[in-house]
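Participant: Got a sequence here, can you build the structure:
(chains A and B)
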There are 2 protein chains.
Amino acid sequence: MTDQGPIEMKPNILFIMADQLRADYLSCAGHPSVKTPTLDRLAAEGVRFERAFCNAPVCGPSRMSFYTGRYPASHGATYNNVPLRVDELTLGDYLRPLGYRVGLVGKTHMRADIEGMRRLGVDPESSRGVYARECGFEPFERDDGLHPDGAVDSDLPYNRYLRQHGFGGDNPWHEWANSALDDNGERVSGWYLRNAHLPARVPEPHSETAYMTDRAMDFIRETGDAPWCLHLSYIKPHWPYMAPAPYHAMYGAADVSPPNRSVAERGNAHPVVRAFRQHEESVNFSRDEVRARVIPTYMGLISQLDHHLGRLFDFLREQGQYENTLIVFTSDHGDFLGDHWLGEKEVMYEEALRIPMIARLPGGVRGRIFEQMVESVDLVPTFLELAGGDRHDHVLEGRSLLPLLKGARPPWRDAVFAEMDYAWRPARAELDAAADGARAWMVRTERWKYIEYQGFAPQLYDLESDPVEQHDLGTAAAYEAVRRMLADRLHDWLRTRRMRKTISNETVSALTGSARRRGYIFGAW
Amino acid sequence: MTDQGPIEMKPNILFIMADQLRADYLSCAGHPSVKTPTLDRLAAEGVRFERAFCNAPVCGPSRMSFYTGRYPASHGATYNNVPLRVDELTLGDYLRPLGYRVGLVGKTHMRADIEGMRRLGVDPESSRGVYARECGFEPFERDDGLHPDGAVDSDLPYNRYLRQHGFGGDNPWHEWANSALDDNGERVSGWYLRNAHLPARVPEPHSETAYMTDRAMDFIRETGDAPWCLHLSYIKPHWPYMAPAPYHAMYGAADVSPPNRSVAERGNAHPVVRAFRQHEESVNFSRDEVRARVIPTYMGLISQLDHHLGRLFDFLREQGQYENTLIVFTSDHGDFLGDHWLGEKEVMYEEALRIPMIARLPGGVRGRIFEQMVESVDLVPTFLELAGGDRHDHVLEGRSLLPLLKGARPPWRDAVFAEMDYAWRPARAELDAAADGARAWMVRTERWKYIEYQGFAPQLYDLESDPVEQHDLGTAAAYEAVRRMLADRLHDWLRTRRMRKTISNETVSALTGSARRRGYIFGAW
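Facilitator: I've put the predicted structure just below:
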């Protein structure tokens, strides 16, 4: 765990991500009904960050921040399926040279920069090309988890697996794992919320969550004693909200918490928030009937995930690797589930921005709940420090959590940042914003959340007096000085994005004032 | 000149750059003594932009903005020799697919992103590799113009040329083109300002400026009728300040304009400016003796350049290409020459930021002097529109000047921007700034110039009442509202840097609201 350690002593890294899992939907985080005994135990053996935030409340850009250690304004992949520039480095690029096998099981939402690769002549089938396409990971099992019939990869391994086990069809993912039988015995699709209460046709041990867990074990088994970093990235509890038995019925309407919403917040709403409230997912999740049907399944999917993490951690113990592996569990963003009259994510409320973050470092502190604000961009620096690599602080924009995990109390940041690019959503058309004019930037301090929008007034929440974000002070005259102070924070943050990424700070320092000794004599009489 | 034009009708582009040539050192720009008849004629046949600005007042980042059409905050090469990211596209990348041969004669200051190329397996000797290394240009003759004895390329073509003509030695560039004989017949070096009054040992027809002009003619002759874009990029009048006869003696001390400086501005100076004033080049250029010796040679080098541009334009006429070629003449930045008690450039005064910009479009408007503020980043969009290419407005940050050149009066920008990264300079050590903490950002409107510094107070000048920038209002209480307004301009500019560069705005627009028709059904009951 130090720079000097021999390579065989390097700890493994198990970097687990759920998709669309809210920070407050864990029993260790205080949720009144959902059961997550495995994650509770992990938190008890390690630490839980009570205030962890994604840097963009939607899959693609959030994940690219996790994988690059850089904010969306820096890595540029500001929305789902925006290709990550071919010269952005990721976790795998940093860890592989340190002797790690860096594998992926599950989802990244990476879209390859095929045009950039073509221009530079990078063969997509070469090993370099595969890494460039797959976000720096060895794609042991790449599966982004959403497979419409019209767009399904004909070679999807999970579909082949299902067929081998007798669950056939053109797209078994849809027909079995994300379909159910209704009261009439008709097959109905998990794409539709009204079917969320039905059990998936697939038996639980063959569900996606079970299968991906098995594949993670395959990777670990196959890797043996070499140091590894595995990104195990589950699609659940992301939609389609459909759980296999018995998880489809584990929770009921009585287990659903009341929504965080008020009639007042609909009046005089921010234009962008109002436009998002007109989206179909927001209209539907604002209906109690929808919440009562979907949220129990959302919780069931979480408990199912928790169960399989238990299997995985048992496996690690059997392999003798549990005490040589840093385990981090997180999610790419949250889920509104009707809060603020919204469905899905993207808008900058805490329900979408806050993410679970549990870390167990062998020999590290145990059972601590940290109040320090941490961000997605912090994980690459954490893993890199653990692996004994350079800091790359001219590129990486997060900070290592390792000192915290070891019990140190370093001075910490007092603000986190996130970004939003809603150019792809109907809200943009509704608001008549340009394709490159549908953006927002957020700074959240201990007390305040401030969101600037391109072309619209800002939002401001006093999280001390209004932690549920019901009173938008974005245009309140009395808060002008607060908004100015926070705009200055955003401004300073924007100024210092790490774009000078082709030269290290150490190299710059060594060159400072060196022109003359290199023979470039100027200004000398 | 339109999208529909057949390829053989495409106009050629002659993109000429001087190095360190101040905007006001042309006779057509009103200089009282320097003579530039060729450029005066070019301006009379075309247009001159009275207010053209570089986007960084130092070679490397300024040039990368010229070549990429992007601000330094976007392209990331914020100082000399910071490698340009391998996936940044340049002029050549844009024009070559449109049928252009895009050649370089002279300087780019490009440092290749060798590490980025290595990671992606781009062979530096392949054609792709050469373009990636050479800033997208075909390096017909790459020569950055500064060749210390200890670092000279043993294969420098200009040195081979000099040797072939009888000017031998290990480094004829230094020994002949940038050395002189003193009164005792001893060879003395042009690296030292005290020798600036002496004639270079090389006969004028074999000087760098003459040679590069000949090489430009070679390129044009060789290319024949195919459409071409030639970047002819002279090192002069950049130091070493040494001119061949008769240009070394064309001007004298009586031709030197008084400096723009005051005792008052030294008192209570901005810390960064004060630190730059301690640099050797500033101390020396603050001496009248130095100005009297160097500036006549600076002017001689300009007149020499003008003479060779006359040769080149005559050649174009002889070749029948003059009326099918857009000619643009500019410079990468200015030169303080002792103004503000400074030497060189880098600091954000007009003497460094303002650049000459003359454009002659066949069939375009003639003799006009434009007051519109234009920037380095505008040239790529200009050339691209002329060549009939896509706008690439998700990447390019400038705007095409072509409508202005054709006589249209489009609404225009009301501010220009520039950046500074002085991490490499002694000033940083003097100020104890971090290697990534030595930056400044400027916005200049019709009336104001506002400069923010990392870690220091801003500067503010009222260009209406104080066009010579002698009264810094950066901390004057009465100007707080003005500074706020300008900080907001900078903030808005920083927010909207074009980092989402892997997907076009047209593609985004086509995808907006398309999730459902692509099969991704979410939020539907």
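Participant: Alongside chain B, which residues does the stretch 1-150 of chain A contribute?
Facilitator: A:73-79, A:82-87, A:89, A:93, A:113, A:115-117, A:119-122, A:126, A:128, A:132, A:146, A:148-150 (Cβ under 8 Å from any Cβ of the partner chain). All C-beta atoms are positioned from the backbone trio N, CA, C, and that covers glycine.
Participant: Taking these, please make a ChimeraX selection of just the buried ones.
Facilitator: Selection of buried members from those for ChimeraX, criterion 16 or more other Cβ atoms under 10 Å in any protein chain shown:
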select /A:73,74,75,76,77,78,79,82,83,84,85,86,87,89,93,113,116,117,119,120,121,122,128,132,146,148
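Participant: How about the residue of the stretch 51-200 of chain A found nearest chain B, nearest residue that isn't a chain neighbour?
Facilitator: Distances between the stretch 51-200 of chain A and chain B by Cβ to the nearest Cβ are smallest at residue A:148, namely 2.6 Å. Residue nearest to residue A:148 in three dimensions, not counting chain neighbours: residue B:519, with 2.6 Å by Cβ to Cβ, 6 or more residues apart in numbering or on different chains.
Participant: same deal with residue A:505?
Facilitator: Per Cβ to Cβ, 6+ apart, closest to residue A:505 is residue B:435, 4.0 Å.
Participant: again with residue A:15
Facilitator: residue A:231 (4.8 Å).
Participant: Now the stretch 151-300 of chain A against chain B: closest residue?
Facilitator: For the stretch 151-300 of chain A, Cβ to the nearest Cβ, closest residue to chain B: residue A:281, 2.3 Å.
Participant: and that residue, how many neighbours?
Facilitator: Neighbour count of residue A:281, defined by other Cβ atoms under 10 Å in any protein chain shown: 23.
Participant: ditto for residue A:407
Facilitator: 13.
Participant: Verify the stated contact: it with residue A:367.
Facilitator: No: between residue A:407 and residue A:367 there is no contact under Cβ atoms under 8 Å: 11.7 Å.
Participant: Quickly note the distance from the residue nearest to residue A:15 to residue A:139.
Facilitator: 10 Å (Cβ to Cβ, to the nearest Å).
Participant: out of the two, which sits in the busier spot?
Facilitator: Using other Cβ under 10 Å as the criterion, residue A:231 and residue A:139 rank with residue A:231 on top: 29 against 16.
Participant: which residues touch the residue nearest the centre of chain A?
Facilitator: In chain A, the residue lying closest to the centroid (Cα atoms, centre = their mean) is residue A:332, at 1.6 Å. Contact analysis of residue A:332 by Cβ atoms under 8 Å, 6 or more residues apart in numbering or on different chains lists A:17, A:18, A:19, A:20, A:54, A:59, A:62, A:63, A:66, A:355, A:376.
Participant: the helices in the stretch 201-350 of chain A, which residues?
Facilitator: For the stretch 201-350 of chain A, helices defined by DSSP state H, counting those that start in this stretch occupy the ranges A:208-223, A:263-266, A:271-277, A:280-285, A:288-318, A:350-353.
Participant: which of those sits most buried?
Facilitator: Comparing the helices of the stretch 201-350 of chain A by mean neighbour count (mean count of other Cβ atoms under 10 Å in any protein chain shown), helix A:350-353 ranks first with a mean of 25.
Participant: what does the stretch 351-500 of chain A put close to chain B?
Facilitator: So the stretch 351-500 of chain A meets chain B at A:393-394, A:421, A:423-426, A:428-429, A:434-436, A:439, A:441, A:452, A:454, A:484, A:487-488, A:490-491, A:494-500 (Cβ under 8 Å from any Cβ).
Participant: Mark which of these are buried, thanks.
Facilitator: Neighbour counting by 16+ other Cβ under 10 Å classes A:394, A:421, A:423-426, A:428, A:435-436, A:439, A:441, A:452, A:454, A:487, A:490-491, A:494-495, A:497-500 among those as buried.
Participant: Go ahead and confirm residue A:62 touches residue A:330.
Facilitator: No: using Cβ under 8 Å, residue A:62 is not in contact with residue A:330, being 10.1 Å away.
Participant: intersection of neighbour lists for those two?
Facilitator: Contact criterion Cβ under 8 Å, 6+ apart; residues shared by residue A:62 and residue A:330: residue A:376.
Participant: between these two, which one's more packed in?
Facilitator: Neighbour tally, residue A:62 and residue A:330, criterion other Cβ under 10 Å: the higher count belongs to residue A:62, 29 against 22.
Participant: Can you tell me which of the contacts of residue A:332 has the largest number of neighbours?
Facilitator: For those, the largest number of neighbours (other Cβ under 10 Å) sits with residue A:376, at 33 neighbours.
Participant: who touches it in this structure?
Facilitator: A:53, A:54, A:55, A:62, A:65, A:66, A:330, A:332, A:355, A:398.
Participant: Sort out for me which of those are in helices.
Facilitator: With helices defined by DSSP state H, the entries of the contacts of residue A:376 inside them are A:62, A:65, A:66.
Participant: Throw those into CSV and include distance to residue B:243 and pLDDT, thanks.
Facilitator: Output for the ones in helices among the contacts of residue A:376, formatted as CSV (distance: Cβ to Cβ, whole Å; pLDDT from 0 to 100):
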residue, distance to residue B:243, pLDDT
A:62, 59, 98
A:65, 54, 98
A:66, 58, 98
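Participant: Just name the closest of these to residue A:508, please.
Facilitator: Set against residue A:508, the nearest of those by Cβ to Cβ is residue A:65 (24.9 Å).
Participant: Please name the nearest non-neighbouring residue to the closest one.
Facilitator: residue A:55 is the one closest to residue A:65 (Cβ to Cβ, 6+ apart), at 4.1 Å.
Participant: now residue A:488
Facilitator: Once flanking residues are discounted, residue A:488 sits nearest to residue B:487: 8.0 Å by Cβ to Cβ, 6+ apart.
Participant: so which helix or strand takes in the one you found?
Facilitator: helix B:480-495 (DSSP states H and E).
Participant: where along the stretch 401-525 of chain A do the helices fall?
Facilitator: So, for the stretch 401-525 of chain A - with DSSP H, counting those that start in this stretch - the helices run A:402-405, A:426-431, A:480-495, A:505-511.
Participant: Go through these and name the closest to residue A:192.
Facilitator: helix A:426-431 (19.0 Å).
Participant: Show me what the closest one is packed up against.
Facilitator: helix A:271-277 (3 or more Cβ pairs under 8 Å, 6 or more residues apart in numbering or on different chains; DSSP states H and E).
Participant: quick one: contacts for residue A:261?
Facilitator: Going by Cβ under 8 Å, 6+ apart, residue A:261 touches A:286, A:338, A:339, A:340, A:341.
Participant: switch to 6 Å and redo it
Facilitator: A:339, A:340, A:341 (Cβ atoms under 6 Å, 6 or more residues apart in numbering or on different chains).
Participant: May I see the residues you listed organised as TSV, with distance to chain B added?
Facilitator: As requested, the contacts of residue A:261 are exported to TSV (distance: Cβ to the nearest Cβ, whole Å):
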residue	distance to chain B
A:339	14
A:340	15
A:341	13
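Participant: Just the buried ones from these, in PyMOL syntax?
Facilitator: Only the buried entries of the contacts of residue A:261 go into this PyMOL selection, using 16+ other Cβ under 10 Å:
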select buried, chain A and resi 339+340+341
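Participant: would a markdown table of the contacts of residue A:261 with pLDDT be doable?
Facilitator: What follows is those, written out as a markdown table (pLDDT from 0 to 100):
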| residue | pLDDT |
| --- | --- |
| A:339 | 98 |
| A:340 | 98 |
| A:341 | 98 |
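Participant: Closest to residue A:252 out of the contacts of residue A:261?
Facilitator: residue A:339 (19.8 Å).
Participant: what's around the closest residue to that closest one other than its chain neighbours, how many residues?
Facilitator: In this structure, residue A:339 finds its nearest non-sequential neighbour in residue A:260, 4.2 Å apart by Cβ to Cβ, 6+ apart. Counted by other Cβ under 10 Å, the residues lying close to residue A:260 total 19.
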